[in-house]
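J.: Could you work out the structure for the sequence below:
(chains A, B, C and D)
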Protein chains: 2
Amino acid sequence: MSQTVDRALTILASLGEGPASLEQAAARIGVHKSTALRLLRTLQEHGFVHRQPDHRYRLGGRLFGLAQQALECIDIRQVAAPYLASLCERYGHTVQLAVLEDGSVLYLDRVEGRYPAEPSGAPEAAGRIGTRVPAAASAAGKVLLADLPEEQLTALLDGLDDGPGKAGPPAGGLRADGLRAELAAVRRQGWAAGQGGYRDSVDCLAAPIVGAEGRSIAVCTISAPPRLAPDAELSRLLPELLCTAEAISLAYGGSPTPRWCENRCGARHAVRASRT
Amino acid sequence: MSQTVDRALTILASLGEGPASLEQAAARIGVHKSTALRLLRTLQEHGFVHRQPDHRYRLGGRLFGLAQQALECIDIRQVAAPYLASLCERYGHTVQLAVLEDGSVLYLDRVEGRYPAEPSGAPEAAGRIGTRVPAAASAAGKVLLADLPEEQLTALLDGLDDGPGKAGPPAGGLRADGLRAELAAVRRQGWAAGQGGYRDSVDCLAAPIVGAEGRSIAVCTISAPPRLAPDAELSRLLPELLCTAEAISLAYGGSPTPRWCENRCGARHAVRASRT
DNA sequence: TTTGGCCATTGCAGCCCGTGCAACGCGCCG
DNA sequence: CGGCGCGTTGCACGGGCTGCAATGGCCAAA
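T.: Numbering: from 1, shown residues only, chains lettered A, B, ... in the order given. Next comes the predicted model:
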């Protein structure tokens, strides 16, 4: 829309792939050196890029502060935090909070489960805060997609089918029609199960958090490595997860169950049954 | 430098203080609505801002990815990571890596110490990754300032004295002349001690990491809550810290000790002594 | 249902400012 | 010393940014 800003942001993105000299940066976005210089200077004044002693530019520290503020702007996070902590505390499994943004799942918060020392020393990667994953690939995504207006869902699925390579359906992803069937099932039961954060070594349950208008605005998930927690054990926690999601919904000023859930009685009954 | 980009970045920063409608956003930076609309649209196309269903704008998820990339761009981080982990592993105290950026300390990495359950449940805030603190306030900052060219140091100290309220000297900070004396001491001994990350409940030791030209490019710190680790215990780890910083310097292709350290023999001897 | 207000959005003319060329300074290497 | 590469600066041109004003859509009050 705005050429100058567009170029500045493009140059910023290009620096994400590694530091660059002025000339390199100019070449990356195809403008004259002097143009790139002015853009980079402006970005530098705001702290978005930093100039190294060797005269090369790299991304600046301002991004950290802004990313932090971006998290804090999303107030569902504040409301949900104690509930997530409580759920994790009780069973020791990892609990996460996510929203849908621009068609992909954005993880907002995470309370790490208490597991015996990590085997391979890689406790990260899966659903870390700030991570994005394609919506069709995870249980969390399915819950969020299930409540999308038909129009937006169609647009999203078209994009999924169109781009075969680019963010195409990864492990567990399905073509549009298959996914539609899954979403119908999610609507029917009010929750979703499946591979959690992209890695087939983690299984996952997801339940919607519902806002004031009856739409799901976020999703709460509980997940665990299947070796440590067999399917059966995680499934037993479903009522607790639904209960937590419901409590967050109410605390946020929403309805306890989503508009589209055709099984509100069932889900609620499951919770009550497990309480006795 | 570039008016349009400047405005776009200002609007982005203003969104950090909370979501805003188009009109609010325009008012915050003092431009016409239509101008703000174009800027916000451009930012939105790049994912830097996100439009909520209620038509308000907030910071977008792209910032997370870019902040992550910003971390990865700083390659000293990759080099240092295993050394930090090893140092923490051996003694169980928190180890951090930081650099100087635009006159303040930017924390790049952190390996959390193994402490008995947090008393008040607030394990964060102090020196989390991506946090910035004024350089004059911490041991890490003093180490980094000690190697600054006289010209830059003067500029920095002037700014410190000029702005009384804005980022003025917090707990432990000193006026320019006092700080200069401290920096001289740091140069003499080759390391610094003091309050770690802004909180007087944590004590801290800091040692420089030296690049190819003999300048300190980063700092490695070790810190612990004084109740759990009295000064004496932390001080006993000084040789290990210096040894780690030296190892990182060598791994990065730098010199083992900074140009300005007048006590290289002393520090090295301390390391050797503790090794026996 | 109508009406009015509020806000986002769009079209448009004026002119500001962003752009690229070319020249300059500086450090480096042969 | 002189050539080269790169960052930086001055400047004229015109593209695109700006702000005004008008339109459209939504909601609430009448």
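
J.: Just the strands from the stretch 51-200 of chain A, written as ranges.
T.: A:57-59, A:94-101, A:104-111, A:132-134, A:192-195 (DSSP state E, counting those that start in this stretch).

J.: Let's have those strands in a markdown table, adding distance to DNA strand C, mean neighbour count and mean pLDDT.
T.: To be clear about C-beta, it is placed using only N, CA and C from the backbone, and glycine gets the same treatment. Shown next, in a markdown table, are those (distance: least, Cβ to the nearest atom of the strand, whole Å; neighbours: other Cβ atoms under 10 Å in any protein chain shown; pLDDT from 0 to 100):
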| stretch | distance to DNA strand C | mean neighbour count | mean pLDDT |
| --- | --- | --- | --- |
| strand A:57-59 | 16 | 23 | 93 |
| strand A:94-101 | 17 | 25 | 90 |
| strand A:104-111 | 22 | 23 | 90 |
| strand A:132-134 | 24 | 19 | 85 |
| strand A:192-195 | 32 | 21 | 78 |
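
J.: Among those strands, which comes closest to DNA strand D?
T.: strand A:57-59 (8.6 Å; Cβ to the nearest atom of the strand).

J.: Kindly reformat the strands of the stretch 51-200 of chain A as JSON lines containing distance to DNA strand D.
T.: Below are the strands of the stretch 51-200 of chain A laid out as JSON lines (distance: least, Cβ to the nearest atom of the strand, whole Å):
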{"stretch": "strand A:57-59", "distance to DNA strand D": "9"}
{"stretch": "strand A:94-101", "distance to DNA strand D": "21"}
{"stretch": "strand A:104-111", "distance to DNA strand D": "26"}
{"stretch": "strand A:132-134", "distance to DNA strand D": "28"}
{"stretch": "strand A:192-195", "distance to DNA strand D": "30"}
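
J.: okay if I get those strands as CSV plus distance to B:Ala67?
T.: Below are the strands of the stretch 51-200 of chain A laid out as CSV (distance: least, Cβ to Cβ, whole Å):
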stretch, distance to B:Ala67
strand A:57-59, 8
strand A:94-101, 16
strand A:104-111, 13
strand A:132-134, 13
strand A:192-195, 26
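
J.: Looking at those strands, spot the one closest to B:Arg132.
T.: strand A:57-59 (14.4 Å; Cβ to Cβ).

J.: The closest one: how far from the chain's middle?
T.: Offset of strand A:57-59 from its chain centre (Cα atoms, centre = their mean, to the nearest Å): 27 Å.

J.: So which elements touch that strand?
T.: Counting contacts by 3 or more Cβ pairs under 8 Å, 6 or more residues apart in numbering or on different chains; DSSP states H and E, strand A:57-59 is packed against helix A:3-15, strand A:49-51, helix B:62-73.

J.: Nearest to B:Ala135, out of those?
T.: Nearest to B:Ala135, of those and by Cβ to Cβ, is strand A:49-51 at 15.1 Å.

J.: How about that closest one and chain B, touching?
T.: Yes: using Cβ under 8 Å from any Cβ of the partner chain, strand A:49-51 reaches chain B at A:His50.

J.: Which neighbours in the sheet does that strand have, and how are they oriented?
T.: strand A:57-59 (antiparallel) (DSSP bridges).

J.: Give the full set of residues in contact with the nearest residue to A:Gly113 once chain neighbours are set aside.
T.: Leaving aside its sequence neighbours, A:Gly113 sits nearest to A:Thr94 (Cβ to Cβ, 6 or more residues apart in numbering or on different chains; 3.9 Å). Shown in contact with A:Thr94 (Cβ atoms under 8 Å, 6 or more residues apart in numbering or on different chains): A:Cys88, A:Arg110, A:Val111, A:Glu112, A:Gly113, A:Ile222, A:Ser223, A:Ala224.

J.: So what sits opposite the residue nearest to the fourth one when sequence neighbours are not counted in the bridge?
T.: Closest residue to A:Glu112 apart from its sequence neighbours, by Cβ to Cβ, 6+ apart: A:Thr94 at 5.7 Å. The partner list for A:Thr94 in beta bridges (DSSP bridges) reads A:Ser223.

J.: Can you tell me the closest non-neighbouring residue to the residue sitting nearest the centre point of chain A?
T.: The centre of chain A sits closest to A:Leu106, judged by Cα atoms, centre = their mean, with a distance of 2.1 Å. Distance criterion Cβ to Cβ, 6+ apart; nearest residue to A:Leu106, sequence neighbours excluded, is B:Gly61 at 4.7 Å.

J.: Quick check, that neighbour in contact with A:Ala67.
T.: No: look at B:Gly61 against A:Ala67 with Cβ atoms under 8 Å: they stay out of range, at 9.3 Å.

J.: who touches both of these two?
T.: A:Gly130.

J.: Counting neighbours, what do you get for A:Gln3?
T.: Neighbours of A:Gln3 under the rule other Cβ atoms under 10 Å in any protein chain shown: 9.

J.: mind checking how far it is from B:Val95?
T.: 46 Å (Cβ to Cβ, to the nearest Å).

J.: repeat for A:Thr42
T.: For A:Thr42 relative to B:Val95 (Cβ to Cβ), the value is 37 Å.

J.: swap in A:Gly18?
T.: 26 Å.

J.: which residues in chain A form helices?
T.: A:3-15, A:22-29, A:33-45, A:62-73, A:76-91, A:139-146, A:150-162, A:176-189, A:231-236, A:238-251, A:264-275 (DSSP state H).

J.: Quick check: residues of chain A near DNA strand D?
T.: Taking Cβ under 7 Å from any atom of the strand as the contact definition, chain A meets DNA strand D at A:Met1, A:Ser2, A:Gln3, A:Thr4, A:Ser21, A:Leu22, A:Glu23, A:Lys33, A:Ser34, A:Leu37, A:His55, A:Arg56.

J.: Now the buried members of the residues you listed.
T.: Neighbour-count burial (16 or more other Cβ atoms under 10 Å in any protein chain shown) is assigned, among those, to A:Ser2, A:Thr4, A:Leu22, A:Leu37, A:Arg56.

J.: Farthest-apart pair in the residues you listed, please.
T.: Farthest pair in these, by Cβ to Cβ: A:Ser2 and A:Arg56, 26.8 Å.
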